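>>> curious how this folds, go ahead:
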Amino acid sequence: MDRRTKEEKEGKQQSKSHKSHSQNTKKIKKGLEKLGNAKRLQTELQGMAEGKQIRPGLKQLRPEDLPSGVTTTRGYDHRGQCYLFEHKTLGELGKIVLIKMSEGKMVLQAELYEGQENVESPLSQKKKEVFEKVVATIDNSFHENFPE
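This is a model prediction of the structure:
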């Protein structure tokens, strides 16, 4: 006989083993954005302290370079610089993480947000299509700025 069954038979009060906490996703996103900004600032300060200079002539992406309705915010990821992409009507699209591998080498990793929808649903397919355009835009810009 397990402990719970014994307590029930004796009429003892049972305590809940799991407490459900409501999560405020906007608050979590703001917190992750704040962490991402702090990490970026720390990286920039460390680079300045080491005497590294930003390469002149780098082309910075503008909001109009992204597909219509897509916005980006800085997020947090332990692997590197993280950018979250969201669409006005479709919702969260995914994130791109820039991971520094070795001196002068960087990997661009894209992760599609799947959520709770069926992967084959029309909404998921549309999100995937828009996010692929975002990734292609970022990748092209990356290759323009850092030709091999």
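>>> residue 108: neighbour count?
Neighbourhood size, residue 108 [other C-beta atoms under 10 Å]: 14. Just so you know, the C-beta spots here come from the backbone N, C-alpha and C atoms, and that holds for glycine as well.
>>> need the contact list for it.
96, 97, 98, 99, 138, 139, 142 (C-beta atoms under 8 Å, 6 or more residues apart in numbering).
>>> scan the residues you listed and report the most crowded one.
That'd be residue 96 among these, by other C-beta under 10 Å, with 23 neighbours.
>>> how about stretch 61-79: buried residues?
Neighbour-count burial for stretch 61-79 flags 66, 67, 70, 72, 73, 74, 75, 76, 77 (criterion: 16 or more other C-beta atoms under 10 Å).
>>> just checking: what are the partner strands of the one helix or strand the fourth one maps to?
Here residue 72, judged by DSSP states H and E, is contained in strand 70-77. Strand 70-77 has the following strand partners under DSSP bridges: strand 80-87 (antiparallel).
>>> list of residues touching the partner strand?
By C-beta under 8 Å, 6+ apart, strand 80-87 touches 29, 36, 39-40, 43, 66, 69-76, 92-100, 106, 127, 130-131, 134.
>>> mean confidence score for it?
Here strand 80-87 scores 89 as its mean pLDDT.
>>> next secondary structure element downstream of it?
Strand 80-87 is succeeded, C-terminally, by strand 91-102 (DSSP H and E).
>>> show me what that following strand pairs with in its sheet, parallel or antiparallel.
strand 80-87 (antiparallel), strand 105-112 (antiparallel).
>>> show me where the chain dips below the pLDDT cut-off.
1-4, 12-23, 44, 47-48, 50-59, 144-148 (pLDDT under 70).
>>> what about the helices in this structure?
3-10, 25-49, 122-145 (DSSP state H).
>>> any idea which of those helices is most buried?
Sort the helices of the chain by mean neighbour count, taking mean count of other C-beta atoms under 10 Å, and helix 122-145 sits at the top with a mean of 15.
>>> and that one, what other elements does it pack with?
With contacts taken as 3 or more C-beta pairs under 8 Å, 6 or more residues apart in numbering; DSSP states H and E, helix 122-145 sits against strand 80-87, strand 91-102, strand 105-112.
>>> that's all I had, so thanks and see you.
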